[in-house]
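# Provided below for reference: sequence and predicted model.
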Amino acid sequence: MTTFLQQLVNGLSLGSIYALIALGYTMVYGVLRLINFAHGDVYMLGAYAGYYLSRKLKGSEPSLVGALLVMLGAMVFCAIIGIFIERFAYRPVRRAARLTLLITAIGVSLFIENAAQLVFGPDPKFFPSLAPRADFLVAGVRLTSEQLTVIAVSVILMILLRFFILKTRTGKAMRAVSFNLDAAKLMGISTDRIIAITFALGSALAAAAGVLIGMQIPKIDPLMGINYGLKAFVAAVLGGIGNVPGAVLGGLLIGTSEVMVVGYLSSTYRDAIAFGILILVLLLRPQGILGRAQKEKV
Amino acid sequence: MKSNVLRAGLLIAAVAAIVLLPAGCKRGGGDEILVGEYGSLTGTTATFGQSTNNAIQMAFDEINAAGGVLGKKVRVAVEDDQSKPEEAATAVTKLINQNHVVAMLGEVSSSRSLAAAPICQANGVPMISPSSTNPRVTQVGNYIFRVCFTDPFQAEVGARIAWEILKVKKVAILSDVRNDYSVGLQTFFRQHFKGYGGEIVAEQSYSEGDSDFRAQLTQIKSANPEAIYVPGYYTEVATIARQARELGITVPLIGGDGWDSPRLWEIGGEALNGCHFSNHYSVDDPSPAVQKFVADYRKRFNQVPDALAALGYDAARILADAMKRAGSPKGDKVRDALVQTKDFPGVTGTITINNERNAVKPAVVLKIENGKFVYVTTVKPTGT
Amino acid sequence: MKALVRAVALVAVLFVVSGLLTGSLIESVSISPYFLQVLCLAGINIILAVSLNLINGFTGQFSIGHAGFMAIGAYVSSFLSITFGDRIRGVVSFAPEAVQNSLLLLAVLAVGALCAGAAGFLVGVPSLRLRGDYLAIVTLGFGEIIRVFIVNIDAVGGARGLGGMPKLANFFWIYLFAAGTVAVVTRIVGSSFGRTLIAIREDEIAAEAMGVNTTRAKVLSFVVSSAMAGVAGGLFAHYLIYLHPNSFTFIRSFEIIIMIVIGGLGSITGSVLGAVLYITLTEGLRQFAQYRMVAFSLLLVILMIVRPQGILGHRELRHFLGKRRRASEPPPPAVAA
């Protein structure tokens, strides 16, 4: 039983990471109907930003404040990157065919991955210890401070996001844009600005996920965004793409099922699980768990 | 319409121009002997390739300074396989077809050696692997050699570490399912350990490149092993050690020569204290040949040479020696000379190549203590 | 009759050319083995690009899992030639070795293509109900699942790679199949079935309204496309004589996408051009290998912004060669907005 609970905890902490990344996918899809392939790579950039920032802090004792600063720094960095990508790669093709958008997204993703390999070097790097370490034993289940941090920070960020979307004017504008871009424009909403903010928010969350993963795993490499990004995308679809709580639910479900399969079955099917779930979802209930069915109009 | 034809024509001309660019293929011949080397200079096992490459460079520089081989200087053409088997195949094809090398040195990883060996065999280019330990490598054909021991023996050493040195009876195995080396080692380990009377209480696997092993480790922990055999490569092993300690697993880990890397401690840190692994040589070996090698390497590369470097050094020198004995750099003659290598004085021991084109050598057991690999004992292969 | 004459002439020309290139015809005339390899890889890429274009460019369905079908063709044909190669050869043991090898190649390629086509059917039927982005992701997912399954099958070496197949493919066979692929796809596109596909691309709902069985058409083109990818895979395997699952990741699928996008999504000539350009630039700039993908991806993005229809758009070679445009042919439409 304790093993099962331990695996559950493992799954929840992995799932929180997926959830944070999935939020970015879902928000961007909500406003632009675009699958931002490059989102996983923004997550990778966040991890690297965190890496270089934490090396600046080298020498000083690992501390909670230091960790927080590193995360904030990475989030700001990636928010800017997100805005940049939107402005220069996606905005020019916003009105083009869906195929064109998708290819552009693929192009941006490949570009970031390969540029990162050039700039950072293709070999993996290892995060230094950020926050002070401590382990807790609860009912035979071992919780590392890293896992607790991941879960706690994810929960806080998700609550903040929900508050932002539901209670602020900008959040309301975001929801309006996701319903109908042109109508929102007619209502006087500056859609370009809202879209930029959406990208910034999504990218910041991905950066936070990157730093958290760096603290937990601690290996980072330029291609880490591919796997995590794809699985987080599956999570977003599972929960209902465009649906914020759905992304969180999807992330936790994917993370937990992955850990369970690896632990109880075999690690070789680890990557196939997410895709298998994706295909099942798309075939049986394409709108996801919490999404609403979209009718296609002529 | 006409301008389109013009544009198309220009395009084709430009393409043709670019295509003719790679006209400069680096051939050997004349006053030079060109030897090919393929290794993982980048990627998940980057230190393997870099160490081997450093040592090979050093070996041939020494040989060239002493007059070269058969009066000619030896030059090495190096290709990076990025730690990927399919790239190893491409690299070797390029070295043989474009650079026309007369012999091949590489690789460390058995999977990558297995990818490249059929190509060398088919082209009659003798290949010497410095450190691939999986028995299948030399079985590819009679042009494929190695200068290190093989995994059935290394796994036996691992089993003896568990049974005789750590004195444990229950061991769990965590191996890399994507890797011939790891799969081979764990198969033979299981045979030997059970043969002594030990018990394998849990078996889990991972894939090279994975970074999260908590699921597997949690399962292993529930089986209560007294030690864990982790016959993988250093990047994953170090991460496994860290995550194991975080999950509360305190038993020692046992491994093989895939652990040998300066980055092992860098990544794993204190989690590795008390762990043992089998290897090809020890830096602390007092023999003068070894100490000279260590000193020279240290001076030139600012690093203590690991076993991969030592084996690369030996492989390069054995190749040169074979060419001298054959009196010619031609593939078939070098091959015949290699088979007859007897009692070659290498820094990893006295090397004799047997009929299976493997080297029969002892292994050392090393223990990790505070960043140092401490020599524990030497194990000779049974029958010697 | 004319078609038969043309086909025989093509085979003869190919025979002579390949003989010249490999030096088996005239002793002293040959090109470097490296150059020959580049040409052969280009030929395989042509098959992949043209077959993918049938689905992406002409039917307008966005499939990014092509590498999976290539993998199936590669592994099935290799497994057969390794395990049953001698037995198959034994059937025609009276014939000279060249004929034996040719027969073996054709046999394993046929089975490989069949399996790839079957996989295309299995993937296509459920997936092609989806549209646009979702279809793309599902095909990507299937491509990866196929790869993961191959990694787990020990009989084909799994993650450790597969080697030992005979080197049956060469310039002649590769370009024969490349020419065949181009011919087949051209015929399909020019037929009424092809017009169905284009109708689906332009407006699927309108096509349904016109009575077209869109699902059947989409699945059919998907199966044909996958089978051709299987042939490419088989040729790939028997040319490089080494297979590894890592050669069939979605990166490979993306590379094929890049080829057809650069060439022009609705143009067969464009796909050929894109394939040749891609492999040429890849090999020609091998020294700058690290910058290669950076440059290609940047090029892709810029291309999408500046000229999304690629180099040739919807035009074919005959548009440049024919002085008078056939009156019945409407001007090529712009890429749908």
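Happy to help now that I have it. Remember, predicted model here, so these are calculated numbers, not experimental data.

# burial of residue C:102, as a residue count?
Residue C:102 has 16 neighbouring residues, counting by other CB atoms under 10 Å in any protein chain shown. (C-beta placed from N, C-alpha, C; glycine too.)

# and residue A:217, by the same measure?
By the criterion of other CB under 10 Å, residue A:217 has 23 neighbours.

# quick one: it and residue B:211 touch, right?
Yes: between residue A:217 and residue B:211 a contact is recorded at 4.8 Å, counting by CB atoms under 8 Å.

# you'd agree residue B:176 is up against residue B:233?
Yes: Residue B:176 lies in contact with residue B:233 (CB under 8 Å); the separation is 7.1 Å.

# need the residues touching each of these two.
The contact sets of residue B:176 and residue B:233 overlap at B:182, B:208 (CB atoms under 8 Å, 6 or more residues apart in numbering or on different chains).

# sorry, back to before: next, show the common contact partners of residue A:217 and residue B:211.
With CB under 8 Å, 6+ apart, residue A:217 and residue B:211 have common neighbours residue B:239.

# tell me where the model's unsure across the chain.
If you meant another chain, say so; for now it's chain A. Low-confidence segments of chain A, defined by pLDDT under 70: A:58-63, A:130-132, A:293-298.

# let me rephrase: I mean chain B.
The model of chain B has pLDDT under 70 over residues B:1-30, B:383-384.

# now with 50, please.
Chain B contains residues with pLDDT under 50 at B:1-10, B:13, B:17-28, B:384.

# do the stretch 151-300 of chain C as well
For the stretch 151-300 of chain C (pLDDT under 50), the answer is none.

# can you show me the strands along it?
C:162-163, C:242-243 (DSSP state E, counting those that start in this stretch).

# would a markdown table of these with mean neighbour count and distance to chain B be doable?
A markdown table is the format used below for the strands of the stretch 151-300 of chain C (neighbours: other CB atoms under 10 Å in any protein chain shown; distance: least, CB to the nearest CB, whole Å):
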| stretch | mean neighbour count | distance to chain B |
| --- | --- | --- |
| strand C:162-163 | 23 | 5 |
| strand C:242-243 | 28 | 4 |
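
# what about these, which gets the closest to residue B:43?
Smallest distance to residue B:43 across the strands of the stretch 151-300 of chain C (CB to CB): 18.2 Å, for strand C:242-243.

# quick one: the closest residue to residue A:34 other than its chain neighbours from residue A:88, how far?
Using CB to CB, 6 or more residues apart in numbering or on different chains and skipping residues adjacent in sequence, the residue nearest residue A:34 is residue A:101, 5.4 Å away. Remark: distance between residue A:101 and residue A:88 (CB to CB, to the nearest Å) = 14 Å.

# give me the number of residues near residue C:271?
Number of residues near residue C:271 (other CB under 10 Å) recorded here: 35.

# enumerate every residue touching it.
C:46, C:49, C:50, C:52, C:53, C:57, C:259, C:260, C:263, C:264.

# does chain B have contacts with the strand or helix carrying the third one?
Right, residue C:50. Residue C:50 belongs to helix C:33-53 when assigned by DSSP states H and E. Yes: shown here: helix C:33-53 in contact with chain B (CB under 8 Å from any CB of the partner chain) through C:33, C:34, C:37, C:38.

# may I see these organised as CSV, with pLDDT added?
Shown next, in CSV, are the residues of helix C:33-53 next to chain B (pLDDT from 0 to 100):
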residue, pLDDT
C:33, 71
C:34, 73
C:37, 79
C:38, 81
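
# selection in PyMOL covering whichever of the residues you listed are buried, please.
Paste this into PyMOL to select the buried members of these, with burial taken from 16 or more other CB atoms under 10 Å in any protein chain shown:
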select buried, chain C and resi 34+37+38
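
# for the stretch 101-250 of chain A, which segments count as strands?
Under DSSP E, counting those that start in this stretch, the stretch 101-250 of chain A gives strands at A:125-126, A:135-138, A:141-144, A:219-220.

# same question for the stretch 251-384 of chain B.
Using DSSP E, counting those that start in this stretch, strands in the stretch 251-384 of chain B cover B:253-255, B:276-279, B:344-346, B:349-351, B:363-369, B:372-379.

# now render those as JSON lines, adding distance to residue C:101 and mean neighbour count.
Output for these, formatted as JSON lines (distance: least, CB to CB, whole Å; neighbours: other CB atoms under 10 Å in any protein chain shown):
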{"stretch": "strand B:253-255", "distance to residue C:101": "46", "mean neighbour count": "27"}
{"stretch": "strand B:276-279", "distance to residue C:101": "46", "mean neighbour count": "27"}
{"stretch": "strand B:344-346", "distance to residue C:101": "42", "mean neighbour count": "18"}
{"stretch": "strand B:349-351", "distance to residue C:101": "41", "mean neighbour count": "20"}
{"stretch": "strand B:363-369", "distance to residue C:101": "45", "mean neighbour count": "22"}
{"stretch": "strand B:372-379", "distance to residue C:101": "49", "mean neighbour count": "16"}
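
# just name the most buried of the strands of the stretch 101-250 of chain A.
strand A:219-220 (a mean of 23; mean count of other CB atoms under 10 Å in any protein chain shown).

# and the gap between the residue in chain B that chain C sits nearest to and residue B:47?
Distance from chain C to each residue of chain B (CB to the nearest CB) is smallest for residue B:178, at 3.6 Å. Applying CB to CB, the value for residue B:178 to residue B:47 is 19 Å.

# chain B contacts on the stretch 101-250 of chain A?
A:121-124, A:126, A:135, A:137, A:142, A:144, A:146, A:217-219, A:224.

# do that again at 10 Å, thanks
Applying CB under 10 Å from any CB of the partner chain, we find that the stretch 101-250 of chain A lies next to chain B at A:117, A:121-126, A:129, A:133, A:135, A:137, A:140-147, A:213, A:216-221, A:223-224, A:227.

# how about the stretch 1-150 of chain C?
Within the stretch 1-150 of chain C, the positions lying close to chain B (CB under 10 Å from any CB) are C:32, C:33, C:34, C:35, C:36, C:37, C:38, C:39, C:42.

# for the second one, which non-adjacent residue is spatially closest?
Right, residue C:33. Using CB to CB, 6+ apart, the nearest residue to residue C:33 is residue B:97, at 4.4 Å.

# which SS class is the residue of chain B closest to chain C?
coil (DSSP: H, G, I helix; E, B strand; the rest coil).

# hmm, it is touching residue B:83, no?
No: using CB atoms under 10 Å, residue B:178 is not in contact with residue B:83, being 11.5 Å away.

# okay, those two: which has more neighbours?
Neighbours per residue (other CB under 10 Å) separate residue B:178 from residue B:83, with residue B:83 holding more: 28 against 23.

# quick check: the more buried one touching residue B:38?
No: using CB under 10 Å, residue B:83 makes no contact with residue B:38, being 11.4 Å away.

# returning to what we had before: quick one: closest of the strands of the stretch 101-250 of chain A to residue A:173.
Of these, nearest to residue A:173 by CB to CB is strand A:219-220, at 34.9 Å.

# next one: the closest one to chain centre, how far?
Relative to the centre of its chain, strand A:219-220 is centred 16 Å away, using CA atoms, centre = their mean, to the nearest Å.

# so what does that strand touch, helix or strand wise?
helix A:39-56, strand A:125-126, helix A:191-216, helix B:234-246 (3 or more CB pairs under 10 Å, 6 or more residues apart in numbering or on different chains; DSSP states H and E).

# mind listing what's buried in the helix or strand where residue C:122 lies?
Residue C:122 belongs to helix C:97-127 when assigned by DSSP H and E. The neighbour-count check on helix C:97-127 (16+ other CB under 10 Å) flags C:100-105, C:107-113, C:115-117, C:119-120, C:123-124, C:127 as buried.

# about what we covered before: from memory the residue nearest to residue C:33 sits against residue C:31, does it?
No: contact criterion CB under 10 Å: residue B:97 and residue C:31 do not qualify, at 11.6 Å.

# which one of these two has more residues nearby?
When residue B:97 is set against residue C:31 and neighbours are counted by other CB under 10 Å, the residue ahead is residue B:97, at 18 against 14.
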